[in-house]
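K.L.:
A structural model of the following input is requested.
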Amino acid sequence: MRTGIRTALRRAEQLLLIRGARRNAWAAVCENRRLAGEREQAVQVFGRSA
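P.N.:
You can find the predicted model right below:
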C-alpha cells in the first residue's frame, strides 16, 4: 500500500473513532441525567429514608 493511501485511511479511521467516542460520551451523559431524574423521583415518592 502506498504511504498516501495509508495516511488517508489512518486519518479516516481516527475521525470515525473520535466521532464514536463523542457519541458514546453523549449517550453516557444522557443516561446519567435519566438516572438522576429517577433518583429524584424516588426521593419524592419514598422520602429520604429510601
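
K.L.:
what ranges does this structure have for its helices?
P.N.:
All helices of the chain, identified by DSSP state H, fall at 3-46.

K.L.:
quick one: low-confidence residue ranges for it.
P.N.:
Applying pLDDT under 70 to the chain picks out residues 1, 48-50.

K.L.:
the same query, at a cut-off of 80, please.
P.N.:
Where the chain drops to pLDDT under 80, the residues are 1-3, 48-50.

K.L.:
what about Leu35, how many neighbours?
P.N.:
By the criterion of other C-beta atoms under 10 Å, Leu35 has 10 neighbours. (Each C-beta comes from the backbone N, C-alpha and C, glycine too.)

K.L.:
mind checking how far it is from Ala42?
P.N.:
Counting by C-beta to C-beta, to the nearest Å, the gap from Leu35 to Ala42 is 10 Å.

K.L.:
what's the answer for Thr7, then?
P.N.:
Counting by C-beta to C-beta, the gap from Thr7 to Ala42 is 53 Å.

K.L.:
repeat that for Ala27.
P.N.:
23 Å.

K.L.:
and for Gly47, the neighbour number?
P.N.:
So Gly47, with other C-beta under 10 Å, has 8 neighbours.

K.L.:
correction: Arg19
P.N.:
Residues lying near Arg19 (other C-beta under 10 Å) number 10.

K.L.:
ok, now which ones touch it?
P.N.:
With contacts defined as C-beta atoms under 8 Å, 6 or more residues apart in numbering, Arg19 has no neighbours.

K.L.:
start at 43 instead
P.N.:
Sure, I'll start numbering at 43, so the last one becomes Arg61.

K.L.:
quick one: it from Glu82, how far?
P.N.:
Using C-beta to C-beta, we find Arg61 at a distance of 32 Å from Glu82.

K.L.:
same question for Arg52.
P.N.:
Applying C-beta to C-beta, the value for Arg52 to Glu82 is 45 Å.

K.L.:
Cys72: what's it in contact with?
P.N.:
Contact partners of Cys72, counting by C-beta under 8 Å, 6+ apart, are absent.
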